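just coords:
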């Protein structure tokens, strides 16, 4: 952990200490205020007129309304921007326009434009449950100068909002809240969603907000950086948001594949091998977690008829090179990745689906989908 003025935790603690030490009107330290902290809701918007009104209505219907409500238009088409203007007039939220920079950049712009103490994000195709803000504010711990965020469970639904799972986080591997060794957080996705979180603005600013270079995994990256900077988190075991899964969403596109590899390389650089303490994050966490995706992205691309097949093969090739250069990765695991890559990248497009199915059946996915 960083020390001195560069440490965000120490800087926030010093601010809190000075604030608490300020004398009241009678010369004594003021009593803690029962005032509810201010909350801003921020929605990044990009050509989302088909879903945005549902999200907006869930915000204005909150049992505890937000102090600020901002929608950031991330370079949408003119007709989509016009539709947003009509909703802003109807529901009274503020619109900020920017050139298209991705969801992370839009969220950062929204935070920069607001003044509230806590930030509550919402994706344009998701929606809050009625007590979202009320429940998360009630879950805020008292007197925690290191607080980064409070987060909760959420429901899973189809794109029409029909719920298929009532508590998604409870069904995922990993402990809540996020504590322990960093390895425990890198072995799998964080499963912390901004749309089900209440984020302390000072902590968000201290770590620099979302990485605008990522257009997928930017959420995971943000919450890993909260942990590394020493901020705490609290988990509310109750759904507060409905996450709607769409077939055409970014998570199912080549955009996600590109950003996934970019995030993978960012983590590789941030967590070098530590032989002294016997910590090998690449081998024990990142290789297995991300390798499966790089392999299956090529398998699902369908071969040369897909315009992105060559790009996905290049990602897989670079992944294999990184694996091969790691001294601590056993030879048998290197050979497994190499064999899988060879099969996937050399098989003719017409035969690829059949080959993939055959390998999955005969080898129970061991060779193809396990790095």
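Ah, there it is. Just so we're clear, the structure is a prediction, and the values are computed from it rather than from any experiment.

helix, strand or coil for residue 241?
Secondary structure, DSSP: H, G, I helix; E, B strand; the rest coil: residue 241 is strand.

44 is where my numbering starts, stick with that
Understood, numbering begins at 44; the last thing we discussed is residue 284.

which residues touch it?
Residues near residue 284 by Cβ atoms under 8 Å, 6 or more residues apart in numbering: 165, 169, 170, 171, 172, 175, 195, 197, 198, 236, 238, 239. The way it works is simple: take the backbone N, C-alpha and C, and place the C-beta from them, glycine included.

name whatever forms a beta bridge with it.
On the basis of DSSP bridges, residue 284 is bridged to residue 171, residue 197.

give me the pLDDT for it.
Here the pLDDT value assigned to residue 284 is 97.

distance of it from residue 196?
Going from residue 284 to residue 196 by Cβ to Cβ, to the nearest Å gives 9 Å.

next one: residue 299
Relative to residue 196, and taking Cβ to Cβ, residue 299 is found at 23 Å.

how about residue 298?
27 Å.

neighbour count for these two, which is higher?
residue 196 (23 against 15; other Cβ atoms under 10 Å).

contacting residues for that one?
210, 211, 212, 213, 239, 279, 280, 281, 282, 283.

repeat for residue 327
226, 230.

could you rerun that using 10 Å?
If you count contacts by Cβ atoms under 10 Å, 6 or more residues apart in numbering, residue 327 has them with 226, 229, 230, 321, 371, 372.

next one: residue 371
With Cβ under 10 Å, 6+ apart, residue 371 has these contacts: 316, 318, 321, 323, 325, 326, 327.

list buried residues within the residues you listed.
323, 325, 326, 327 (16 or more other Cβ atoms under 10 Å).

what two of these are the furthest from one another?
325 and 327 (7.7 Å; Cβ to Cβ).

show me what the host helix or strand of residue 335 is packed against.
Taking DSSP states H and E as the definition, residue 335 sits inside helix 330-344. Counting by 3 or more Cβ pairs under 10 Å, 6 or more residues apart in numbering; DSSP states H and E, the packing neighbours recorded for helix 330-344 are helix 297-313, helix 352-367, helix 374-389, helix 395-405.

next, the angle from it to helix 297-313.
Here helix 330-344 points in a direction 160 degrees away from that of helix 297-313 (axes from the mean of the first three to the mean of the last three Cα atoms, to 10 degrees).

tell me the buried residues in helix 330-344?
For helix 330-344, by 16+ other Cβ under 10 Å, it's 330, 332, 333, 334, 336, 337, 338, 339, 340, 341, 342, 344.
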